[in-house]
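Novice: Below is the sequence, then the predicted model.
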There are 8 protein chains.
Amino acid sequence: SRNGYPEIIYGESKTAEQTAAIIEKLIQKHGRAMATRMSPEKAEEVLALHPNGAYKENSRLLIYGEPAVLYNGKIIIVSAGTSDLPVAEEAEWTAKWLGCETEIIHDVGVAGIDRLLSYRDVLQEASVVITVAGMEGALPSVVCGLVKRPVIAVPTSVGYGAHFDGLTPLLSMLSSCSSGMSVVNIDNGFGAAYQAAMILKLASEGASS
Amino acid sequence: SRNGYPEIIYGESKTAEQTAAIIEKLIQKHGRAMATRMSPEKAEEVLALHPNGAYKENSRLLIYGEPAVLYNGKIIIVSAGTSDLPVAEEAEWTAKWLGCETEIIHDVGVAGIDRLLSYRDVLQEASVVITVAGMEGALPSVVCGLVKRPVIAVPTSVGYGAHFDGLTPLLSMLSSCSSGMSVVNIDNGFGAAYQAAMILKLASEGASS
Amino acid sequence: SRNGYPEIIYGESKTAEQTAAIIEKLIQKHGRAMATRMSPEKAEEVLALHPNGAYKENSRLLIYGEPAVLYNGKIIIVSAGTSDLPVAEEAEWTAKWLGCETEIIHDVGVAGIDRLLSYRDVLQEASVVITVAGMEGALPSVVCGLVKRPVIAVPTSVGYGAHFDGLTPLLSMLSSCSSGMSVVNIDNGFGAAYQAAMILKLASEGASS
Amino acid sequence: SRNGYPEIIYGESKTAEQTAAIIEKLIQKHGRAMATRMSPEKAEEVLALHPNGAYKENSRLLIYGEPAVLYNGKIIIVSAGTSDLPVAEEAEWTAKWLGCETEIIHDVGVAGIDRLLSYRDVLQEASVVITVAGMEGALPSVVCGLVKRPVIAVPTSVGYGAHFDGLTPLLSMLSSCSSGMSVVNIDNGFGAAYQAAMILKLASEGASS
Amino acid sequence: SRNGYPEIIYGESKTAEQTAAIIEKLIQKHGRAMATRMSPEKAEEVLALHPNGAYKENSRLLIYGEPAVLYNGKIIIVSAGTSDLPVAEEAEWTAKWLGCETEIIHDVGVAGIDRLLSYRDVLQEASVVITVAGMEGALPSVVCGLVKRPVIAVPTSVGYGAHFDGLTPLLSMLSSCSSGMSVVNIDNGFGAAYQAAMILKLASEGASS
Amino acid sequence: SRNGYPEIIYGESKTAEQTAAIIEKLIQKHGRAMATRMSPEKAEEVLALHPNGAYKENSRLLIYGEPAVLYNGKIIIVSAGTSDLPVAEEAEWTAKWLGCETEIIHDVGVAGIDRLLSYRDVLQEASVVITVAGMEGALPSVVCGLVKRPVIAVPTSVGYGAHFDGLTPLLSMLSSCSSGMSVVNIDNGFGAAYQAAMILKLASEGASS
Amino acid sequence: SRNGYPEIIYGESKTAEQTAAIIEKLIQKHGRAMATRMSPEKAEEVLALHPNGAYKENSRLLIYGEPAVLYNGKIIIVSAGTSDLPVAEEAEWTAKWLGCETEIIHDVGVAGIDRLLSYRDVLQEASVVITVAGMEGALPSVVCGLVKRPVIAVPTSVGYGAHFDGLTPLLSMLSSCSSGMSVVNIDNGFGAAYQAAMILKLASEGASS
Amino acid sequence: SRNGYPEIIYGESKTAEQTAAIIEKLIQKHGRAMATRMSPEKAEEVLALHPNGAYKENSRLLIYGEPAVLYNGKIIIVSAGTSDLPVAEEAEWTAKWLGCETEIIHDVGVAGIDRLLSYRDVLQEASVVITVAGMEGALPSVVCGLVKRPVIAVPTSVGYGAHFDGLTPLLSMLSSCSSGMSVVNIDNGFGAAYQAAMILKLASEGASS
Ligand SMILES: Nc1ncnc2c1ncn2[C@@H]1O[C@H](COP(=O)(O)O)[C@@H](O)[C@H]1O
Ligand SMILES: Nc1ncnc2c1ncn2[C@@H]1O[C@H](COP(=O)(O)O)[C@@H](O)[C@H]1O
Ligand SMILES: Nc1ncnc2c1ncn2[C@@H]1O[C@H](COP(=O)(O)O)[C@@H](O)[C@H]1O
Ligand SMILES: Nc1ncnc2c1ncn2[C@@H]1O[C@H](COP(=O)(O)O)[C@@H](O)[C@H]1O
Ligand SMILES: [Mg+2]
Ligand SMILES: [Mg+2]
Ligand SMILES: [Mg+2]
Ligand SMILES: [Mg+2]
Ligand SMILES: [Mg+2]
Ligand SMILES: [Mg+2]
Ligand SMILES: [Mg+2]
Ligand SMILES: [Mg+2]
């Protein structure tokens, strides 16, 4: 609203009926809608009622419609391991839906630093970088040292034991010694993409003082 | 370096001698330097050796030199209570030193929502908003709903009991239902300002795709 | 007992037989009974034995009988998001069963503060306000600043990641900078309603000193 | 304001100058003021500037002026051990300043239940009961079962080891099996008294529906 | 062994085959055996191989054989709510199997203190008291103040929200202000009974110095 | 009282005046008194008023008078490292004051198991064993496997880092795979001795059923 | 790579297709592959595509191929209880696959110290010892005191209540008073074996300075 | 002893007298001694009694005597930031005292990955690598991917806020996606060096199978 976007639905703890009703209202008002954290079953129920949407199975997004405006710049999403891809894709599809160009670089964990470094030049093309990592969450600290643009870090729930469902990479990202980065909630690819889109929007519209 | 800035010194657990030595090297190379989390005693020792700096007592910053470039846009720093001011000022001085225009709105806690709302128009002038809040950390959720620009949230250690030295506002900011915001470490006004400056830099230099 | 009410059954970890037996005893003694946190299956089993009750599916309450006395005043239950409704309804039905008039205002999260503010006048009609919120739990701090009556805050388990099943809004509500509010356990709509009813009872019977 | 009271100052992390300035403003506007969590040194500094106040050393309150209105009813404050007295007194003086009659029953820990039970009749005279307890925090569960009026529980930081500075009684009070009680932050005698006063105010003004 | 008892099997994470094999060995050597935390399915499989045992469904114990010696004295097991009965029964059957007389007093939560106090005389007959309580875990503090014999406290996982699966009553029991009590692990009725039996054994055999 | 002993004063958060007043009352009534967790300064102040007491500097106990009755049996206190001695001595002096014979075996950590095993025979003379250990808290598990009498485990705050001021040995003692032991609060040598004394009292008076 | 080994696949949160694809690539390049934390269903799917592997059901490893080199020395894996065997076997099979000789000593918990001590001589034959223990995690402290070689400790998730899924033995192992040991993640038999193999590799290749 | 070394004294919570007495005994028996975590004041007191020692102020070690044997191989200690040096030096001096050659590489945090990578060849000369890092603790994951030798990770208490005195790097190191590394307690440079020395000892003496 305040920024021209329809509110995005948090699907996790809504029934299919509740979700479908909100989608209907949003499409009527904005011509499009998006819901996050939708289980396949719930998505199917909603799609039966509103068939024009697309369900992204990995990222559990349910998407209706296209962005009206496309922003300048590109968001690069860097993902540590194959297991982090669902969250990376939540960020990717959210950003696209909000009008941003995106690119994913995946499987570049810090344990094999050379693979990550081989993308050093590619990374310079980003206007904003989103890093997605579980386990120890070291990726954004390294990436942030390689680029001159804002970095948004997303910890994931990929890991076990002392990982505590993502608490560990969350805390390690918040304690990072790299400057220029900020953090969103565990598995919150959506939130990272949303802020990245706000940044591209600003860069596209220009900052006046 | 990668972004043209001299590295900023984390002063907390360095001796005065160590800090002074790094400052010397940075000034030789970049003409200026900055150290965070400096106690008054340590700052005094360093200033005795390098007298051209300024010590900001509230925010515990030790600053040498001026920014070479000034960015377009303005960072508005919104602070919940009087007790959060030191962190807000850490953000303010860091942003200034990095070449950004800043403005502080203070004492606008959510318990008296009308005071905050009276700044609604002023807030629209921000290119980036930094919110600084201790206690329950509710401020960024409300502010983020009022503006169309990126919001960076800084939890502070102001509070007691179930506040756990800032853990509570940290977690609440990460769990916010407002989209478009991200979070930095407890009391990390520096980190918020750094990312905000990166955003203004991008907006000033332009995002190309 | 000490307050004239039959004890209310905590259904969560009782078998259907145990629950039915206690209900029987309570109905014999008090003419009515109520059980909280009843799964649909358990409720069905109990209703097969004691068919005069009503099962509230969302709030998982099983209810027998009506209140003998109605108190003056009204409890307004304010709910942040659609997902918080089951807890809000637990509060609503508990309060009604205890003899209170209730009203629910729902989907008024702090991220869209104007929607909440549009109820400012309505809120003044409350004798007690119960706020129900998950995520960051910021709602009661704002509401408490808008009314002159006691506010009881109920954190919910709606959220993910750094939300820790409701721990985050629980801690944030306890750390609130608004005065005049108190807090009950996560998802404890029942407990909030019970205390609210005790307050209406006092206000109806009068406080003498 | 919304309830006619001047805002009460959180003194913990303000300087003496900041506190004195706010007190001045409040006295000009409301004729009186109160600050919580004031160290003796800070209080002395403030009193040097504004000598008409009273400093309550145990409870660390700094108080100026008298209540304009006195409410019907009485708040009874029940304190588990001698060590909990400072918090009990914070509740007592806050309630008095807000216009309530108060009474303290002290040293009635649950380990010696007969001492507590000897006050059973006295407790019935309360309109609201505030219970203050550290250690395992069992007191409010027992008291709440003895009275028919609302109970507000205050956990204290009195204890050691597995007590975690009050976390343990906080969690145990929130998990209480007694109905009709709610909880405030650790050592927050002020907050309990504030809500208790709101309840007496309602009972004095009457609840209409 | 050192105390004449066969080792008792921790059944939780063993397969039925592993459990059956150990039971066989124990029966050959000691004439009897006992396994804790056995699911109904696993118990059935073991009983198919060794049919002379008895499965206690509530307490999930699988028991073979009788104690050779009976000790003097009596263990009274006091249980706060109906939901705590499975743990209370784990204590009961373990104690019996170890050669102790037992008695259960149940549903005597502290919220209705008079029901507990009606057992005051009965409690004096105990040589050791085991208290079993979930929720806030206040029961042992009160009971310990009523008797002159050792009290062993067992926290249970009965509760929700701020109860954290028994962590809260565990911590509150450890922080108790009653002296003469000690604590065992959450839901560990077995461990409490084992120590209680060791105490009766000592009292029966006599302590010499 | 219920067990014939005067209440023991928790000295930590009482003033010297408060402590002295309670001591006076207890001596008048019981002829003796004891206070725990007394700082040297506070003890000195109290001793100035009541000079007949003895202050045990290591264990911070202030003791007046002798036990009237001596029990049969012996309490052996086993201490892991030199740093755990203050807690071991709190147990020792408390037990003596309550009428028990005691013996300390010290510096027998599990890292050098042979030293501990050289006391195997001595340990069999105990009626009750109290084990005192910080660091990983492994000592009671081993000791409990060596004796046939009840073992009470006291975790201490000796350690650093992942030790969290005693939380780690507390949790590890509660999770012990040895049966026959129970646990008291961190550094609570007093509580362990109290329960041990209750056990000797029972063994001395005899358990009848 | 850097050490000549193919990367080992973390199977937990990959699909069968993703796992099979990586296995294919690794076999092409290295002639062999290994995946950890594979469920039986996933393993079956992968084996249908690549039938030359072996699935180790207890330890959930999927293994293809043999080591090219065998190192000098022997890794002894010491396991506290039957329930810890799956983790011990994960260490065993990993070490074998990496070219190490292994031996398992099992069911030697510290509660029956004599059984462990009967292996004292056997333990001296180890070049590296891996200890695997759940519950209180005391085993490595004792073992480390018995041998002169490096000890790697693996906490397991075997336990309940205050054990917190392995957090307790993890913290207790980190706080151990035995010197010469280090710790890996909860249930991480793989990681312990990997480091042990690196140590044998060094000892086989020789350390030059 | 079992490995020929004198026990090393944990100085933190011993008095100067206790420490001096143990040092005397150790020197008599082994000709040398070492104490960790000694404050300057305590060290001075001990040195007054036993003047032949050396106090390492940064690392708080008190050292007497030289190693009898020198091992083959070299331990490289890699330290993330200047603030981590005291812990790195604790590792360095401990390793030297135990008979190992050492080298420190310092100030190579992952935020400036090129500085670390410039030591890639130097790192290959290590037989064992010890990494010392606070903040997010990402260093060992990267280093472990660069070398073929065992890596021991030491988290430090350098950091603030979400760093929780070293808990965050501890957990992140335990959750590392790099294989071949293990972890010791927060700030435990001593423990890392001890295990590293055991590894060099093995490599020097040879592993036979
Ligand atoms: N996956 C998500 N994580 C965090 N916030 C979300 C998510 N999905 C939607 N939201 C936000 O949740 C709010 C909508 O919540 P609701 O009204 O409950 O649907 C909007 O502000 C969204 O931007
Ligand atoms: N959902 C609930 N949350 C907290 N307390 C409850 C709940 N439902 C019932 N109770 C209380 O639990 C007690 C009854 O417990 P029980 O005897 O176990 O049925 C009564 O004091 C009730 O008021
Ligand atoms: N160090 C201690 N730890 C735990 N409880 C204690 C301690 N010292 C005294 N107590 C108990 O605290 C109660 C007295 O508390 P108070 O009335 O505050 O002095 C008595 O029940 C004592 O048995
Ligand atoms: N800084 C340290 N961290 C961990 N363990 C240590 C430390 N210093 C000494 N130790 C160990 O502590 C034990 C000696 O403890 P103590 O008998 O209390 O001096 C020995 O096993 C040492 O190896
Ligand atoms: Mg990979
Ligand atoms: Mg204010
Ligand atoms: Mg909404
Ligand atoms: Mg008392
Ligand atoms: Mg009941
Ligand atoms: Mg020792
Ligand atoms: Mg066994
Ligand atoms: Mg640096």
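Specialist: Right, received. Where do you want to start? Numbering: from 1, shown residues only, chains lettered A, B, ... in the order given. Ligands and ions are numbered 1, 2, ... in the order given.

Novice: Test my guess that A:Ser179 contacts A:Val147.
Specialist: No. Look at A:Ser179 against A:Val147 with C-beta atoms under 8 Å: they stay out of range, at 12.0 Å. To be clear about C-beta, it is placed using only N, CA and C from the backbone, and glycine gets the same treatment.

Novice: so what's the residue in chain A positioned nearest to chain G closest to, chain neighbours aside?
Specialist: Closest to chain G within chain A is A:Gly161: 3.1 Å, counting by C-beta to the nearest C-beta. Distances taken as C-beta to C-beta, 6 or more residues apart in numbering or on different chains put G:Ile186 closest to A:Gly161, at 3.1 Å, once the chain neighbours are dropped.

Novice: So the one you found: helix, strand or coil?
Specialist: coil (DSSP: H, G, I helix; E, B strand; the rest coil).

Novice: Just give me the neighbour total for the nearest residue to A:Gly4 once chain neighbours are set aside.
Specialist: Leaving aside its chain neighbours, A:Gly4 sits nearest to B:Lys148 (7.3 Å; criterion: C-beta to C-beta, 6+ apart). Residues within reach of B:Lys148, counting by other C-beta atoms under 10 Å in any protein chain shown, total 18.

Novice: Assign B:Lys148 to helix, strand or coil.
Specialist: Following three-state DSSP, the label given to B:Lys148 is coil.

Novice: Give me the pLDDT for it.
Specialist: Note on B:Lys148: pLDDT of 95.

Novice: top helix in chain A by residue count?
Specialist: helix A:189-205 (DSSP state H).

Novice: That one versus helix B:189-205: what angle between them?
Specialist: Helix A:189-205 and helix B:189-205 meet at an angle of 50 degrees, taking axes from the mean of the first three to the mean of the last three C-alpha atoms, to 10 degrees as the criterion.

Novice: Which stretches in chain A count as helices?
Specialist: Counting by DSSP H, the helices of chain A are A:16-30, A:40-49, A:85-97, A:113-117, A:120-123, A:139-144, A:167-174, A:189-205.

Novice: for the longest one, which positions count as buried?
Specialist: Spelled out, that is helix A:189-205. Residues of helix A:189-205 classed as buried under the neighbour-count rule (16 or more other C-beta atoms under 10 Å in any protein chain shown) are A:189-204.

Novice: what's the answer for the second one, then?
Specialist: Within helix A:40-49, the residues scored as buried using 16+ other C-beta under 10 Å are A:42-43, A:45-47.

Novice: Kindly indicate which of the residues you listed lies nearest ligand 3.
Specialist: If you rank the buried residues of helix A:40-49 by distance to ligand 3 using C-beta to the nearest ligand atom, A:Lys42 comes first, at 52.3 Å.

Novice: Skip the chain neighbours and tell me the closest residue to the closest one.
Specialist: Spatial nearest neighbour of A:Lys42, chain neighbours left out: A:Ala16 (4.8 Å); criterion: C-beta to C-beta, 6+ apart.

Novice: Tell me how many other residues surround the one you found.
Specialist: 19.

Novice: No further questions, thank you.
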